[in-house]
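Visitor: here is the input, now give the coordinates:
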Amino acid sequence: MRGAGFHHGKVRKPHWAVRASEMSKKTFNPIRTIVDSMKVEANPKKPMISLSIGDPTVFGNLPTADEVTQAMKDALESGNYNGYAPSVGYQSCREAVAAYYSCPEAPLETQDVILASGCSQAIEMALAVLANPGQNILVPRPGFSLYKTLALSLGIEVKFYNLLPEKSWEIDLKQLESLVDEKTACLIVNNPSNTCGSVFSKGHLQKILAVASRQCIPILADEIYGDMVFSECKYEPIATLSTNVPILSCSGLAKRWLVPGWRMGWILVHDRRDIFGNEIRDGLVRLSQRILGPCAVVQGALRHILHRTPSEFYHNTLSFLKSNADLCYTALAAVPGLQPVRPAGAMYLMVGIDMEHFPEFENDVEFTEHLISEQSVFCLPATVSGPSYFSCICPEGELKEAAVRINVCKGCGEAMV
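Guide: Below is the predicted model:
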């Protein structure tokens, strides 16, 4: 005993040594890595136009439906949702999601639904339950960079399969199947596509399922843009076409209901042959207990959001997005050296850059850096997922001005003047 009577036992550390965990060191966002490395200042004479934002609420021209807002107000004012909810979500909310998505081709029951804090957490939980450290997953390129971020933090290897721009971003199925080995844990299928704006046909989805069936690989379906397709296309949830491949489908309120900040997502467990059994469901329940579920107030509004949002809201949102996509495609197709791929849904458009047309630039990063420094137009270089493309999200009012600036960019070759 010394001093004030406190016992000083054996000193285990001679000095302070607080280090970041290995998991934190393995975690990085490829987009942030590229963007943070772009050491360039915007042209101070021109206001910045950002065509890289994936948040539909930023520009104020895509508000959610009044019914959605009212459902949230009612849930808050009821006072019934101030406490902890079950980690997998309230039973009534899971029932509502199951009823909303269930169909004869892919029936769902309450126990098939796990609520999550946004679709991103749903994807993280799905990855964590399907793959162990040292295993690998198959991920689309170009594609959503979060897949890689989550996988690497979990010690999971990422193998990229190619999407083919000349085939409206269909999967290169031969190359996909060549990636499979004994350590492959799952195949991520993102449809409609985040970054490409593509929508797979029924026939192509069936071919994807055939690969998964031959290789006995479950599918993680990122369907956050489900039903957000333009009139000439039809969205097919992949689970409606599967006869034996087990699927974890991830989605949420963020995009279709235009409330990404509300952080409400879910996992739908489709398993007709009981391949997952209880093990995967039990694993998802345990994983949900790490943060004790999504916001209780949003859960309180969820049933009314799903069942009272008028069809006119969805129609108007899609009409707006298609108009912007058409405007974006037409404007950029007129710029020599740029090769936009017409989107079929979602909020994105990919633009090919013919680098031979721009010999002064080594890659798409340098190209987009020049757009920033000369024209104050920021597009996200797709080096994070596939070279010589950048993704272009289309805010209405600023898109025309951005297209004009791109077209007159002085440092982008004579053909652009």
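Visitor: surely residue 250 is in a strand?
Guide: Yes. Under DSSP: H, G, I helix; E, B strand; the rest coil, residue 250 sits within a strand.
Visitor: if I look at it, how far off is residue 330?
Guide: Residue 250 sits 33 Å away from residue 330, going by Cβ to Cβ, to the nearest Å. Yep, even glycine has a C-beta here, placed from its N, CA and C like the rest.
Visitor: compare these two (neighbour count), which wins?
Guide: Ranked by neighbour count (other Cβ atoms under 10 Å), residue 250 and residue 330 place residue 250 first, with 27 against 12.
Visitor: find the nearest non-adjacent residue to the more buried one, please.
Guide: residue 122 (4.0 Å; Cβ to Cβ, 6 or more residues apart in numbering).
Visitor: what about the one you found, how many residues close to it?
Guide: With other Cβ under 10 Å as criterion, residue 122 counts 29.
Visitor: in a helix, it, correct?
Guide: Yes. With three-state DSSP as the criterion, residue 122 is assigned to a helix.
Visitor: show the subsequent helix or strand relative to the helix or strand of the chain with the lowest mean pLDDT.
Guide: Lowest mean confidence among the helices and strands of the chain (mean pLDDT, DSSP states H and E): strand 389-391, at a mean of 60. Sequence-wise, the next helix or strand downstream of strand 389-391 (DSSP states H and E) is helix 396-407.
Visitor: helices or strands up against that next one?
Guide: With contacts defined as 3 or more Cβ pairs under 8 Å, 6 or more residues apart in numbering; DSSP states H and E, helix 396-407 has these neighbours: strand 49-50, helix 311-333, strand 377-378.
Visitor: please, where are all the helices along the stretch 201-350 of the chain?
Guide: Using DSSP state H, counting those that start in this stretch, the helices of the stretch 201-350 of the chain run over 202-215, 277-288, 296-308, 311-333.
Visitor: okay, these in CSV with distance to residue 163 and mean pLDDT next?
Guide: CSV is the format used below for the helices of the stretch 201-350 of the chain (distance: least, Cβ to Cβ, whole Å; pLDDT from 0 to 100):
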stretch, distance to residue 163, mean pLDDT
helix 202-215, 11, 99
helix 277-288, 28, 97
helix 296-308, 31, 98
helix 311-333, 18, 92
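Visitor: surely residue 366 forms part of a helix?
Guide: Yes. Residue 366 forms part of a helix when assessed by three-state DSSP.
Visitor: show me the domain layout of the chain.
Guide: Per the record, the chain has its domains at 25-62+312-416, 66-308, by automatic domain parsing.
Visitor: right, so these: which one is the most enclosed?
Guide: Mean neighbour count (mean count of other Cβ atoms under 10 Å) peaks for domain 66-308 among those, with a mean of 19.
Visitor: and that one, how far apart are its ends?
Guide: By Cα to Cα, to the nearest Å, the extent of domain 66-308 from end to end equals 10 Å.
Visitor: tell me how far that domain is from the chain's mean position?
Guide: 10 Å (Cα atoms, centre = their mean, to the nearest Å).
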